[in-house]
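Student: structure of the sequence below:
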Amino acid sequence: QVQLVESGGGLVQAGGSLRLSCAASGRTFSSYVMGWFRQAPGKEREFVAAIRWNGGSTLYSDSVKGRFTISRDVAKNTISLQMNSLKPEDTAVYYCNLLSGSYFYWGQGTQVTVSS
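Tutor: Okay, here's the model as predicted:
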């Protein structure tokens with residue numbers, strides 16, 4: 001089993017920045033991808049960004065490309081999401097996830113609210 005614990009959410013004004021972190025513990029995998037999804041009220045959960053643990057290649061949704069940066073800390077087994085130039089439409093619960101083969105894990109989520 002894998003445990004994912006997010007931190008760093010909060011309330012920020014439009015144009016501001018926040019940094020989310022996700023710490024992974026438990027079962028280890030030889031190859032996996034970690035990333036972030038988000039879900040706004042009344043909307044489906046959507047992909048935000050992902051990073052391949054081996055090599056560090058990244059992928060972003062078009063809506064956050066150029067504003068958000070995903071990174072990993074191999075020593076701490078964590079990923080982070082630096083969010084800059086935040087917009088009210090970025091308001092959502094942000095979920096960390098880990099994918100390895102047929103295994104898929106979610107964190108509990110952290111609220112990000114961007115006021116206009």
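
Student: the residue nearest the centre of the chain: what secondary structure?
Tutor: The residue at the geometric middle of the chain, judged as the C-alpha nearest the mean C-alpha position with C-alpha atoms, centre = their mean, is residue 36 (2.8 Å). The three-state label for residue 36, taken from DSSP: H, G, I helix; E, B strand; the rest coil, comes out as strand.

Student: contacts only, for the residue lying closest to it once chain neighbours are set aside.
Tutor: Nearest-residue entry for residue 36: residue 48, 4.2 Å, with adjacent residues in sequence omitted and distances by C-beta to C-beta, 6 or more residues apart in numbering. (C-beta placed from N, C-alpha, C; glycine too.) Contacts of residue 48 were listed using C-beta atoms under 8 Å, 6 or more residues apart in numbering, and they are 35-38, 60-61, 64, 68, 81, 94.

Student: mind doing that once more with 6 Å?
Tutor: Residues in contact with residue 48 (C-beta atoms under 6 Å, 6 or more residues apart in numbering) are 36-38, 61, 64.

Student: kindly list the main-chain dihedrals of residue 60?
Tutor: phi -130, psi 150 (degrees, to the nearest 10).

Student: could you report the neighbour count for the nearest residue to it once chain neighbours are set aside?
Tutor: Computed as C-beta to C-beta, 6+ apart, the closest residue to residue 60 that is not its neighbour in sequence is residue 49, at 4.9 Å. Residue 49 is surrounded by 22 other residues when neighbours are defined as other C-beta atoms under 10 Å.

Student: and the residue nearest to residue 36, what pLDDT?
Tutor: According to the prediction, residue 48 has pLDDT 98.

Student: right, I'll leave it there.
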